[in-house]
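Enquirer: Make a model of this:
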Amino acid sequence: DPIPSAYEARRKKRLAAEVNVGAKALAEAEKWVGTKEKPAGTNRVDPFTEWYGWHGWGAPWCAVFVTWCLDKAGFDEVALSGRGDRWAYCPYIVRDARAKAHGLREVSWADARPGDIVLFDWDDDGVADHVGFLKEKRSATTFESVEGNTSPDNFSNGGKVVHYDGQEAPLRSTSDVVIFVRAA
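Expert: Reported below is the predicted structural model:
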């Protein structure tokens, strides 16, 4: 049976919104590559931590950076919750994606595309401890990403926004990924 035209129109609109949020969030993240904490080692980096409400003090900010980029991309779930409510902790992003809550949902590596959120587990304990954006798949198991609060020397708390492109910073591997997440 053919798909009803009203359903197909809603489906196309939903898919366009998904691509739009992810692409815009990734573009926002790329604008900030090279941005560093000031002073170094404080976990304070404007405008992200100030925007989130961390006035004068810092905490690991990779998830705050992703939230900032989603907000700038027009992702309604950030604005609806209040910027200091979501997401400053990687496991909360995982929880919401697996529950299909707050506009997040899990996607497979096969379905992952540029602008999707990537959550990493560096110490293999099953808990996501870092997050960034998928930029480009480079092989069956490697990809480029853009991430905040990282560096090639300290993946989870490195103090700057980095493009992991395989040149200045190593490509990322699917073996370190807990989950790929789409915001829509």
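Enquirer: Secondary structure element for Lys12, which one?
Expert: Here Lys12, judged by DSSP states H and E, is contained in helix 5-31.
Enquirer: and what of Trp87?
Expert: Here Trp87 is assigned to no helix or strand, by DSSP H and E.
Enquirer: Looks like it contacts Val66 (just checking).
Expert: Yes. Between Trp87 and Val66 there is a contact under CB atoms under 8 Å: 7.0 Å. C-betas here are computed from N, CA, C, even on glycine.
Enquirer: With neighbour numbers in mind, choose between these two.
Expert: Val66 (29 against 24; other CB atoms under 10 Å).
Enquirer: Now do the same contact list for the more buried one.
Expert: Ala25, Ala29, Trp87, Ile93, Ile117, Val131, Gly132, Phe133, Gly148 (CB atoms under 8 Å, 6 or more residues apart in numbering).
Enquirer: In this structure the second one contacts Val146, no?
Expert: The reference is to Ala29. Yes. Contact criterion CB under 8 Å: Ala29 and Val146 qualify, at 4.3 Å.
Enquirer: Ala169 versus Phe48, what's the distance?
Expert: Between Phe48 and Ala169 the computed distance is 19 Å (CB to CB, to the nearest Å).
Enquirer: Show me which of these two is the more surrounded one.
Expert: Taking neighbours as other CB under 10 Å, Phe48 and Ala169 compare with Phe48 leading, 23 against 19.
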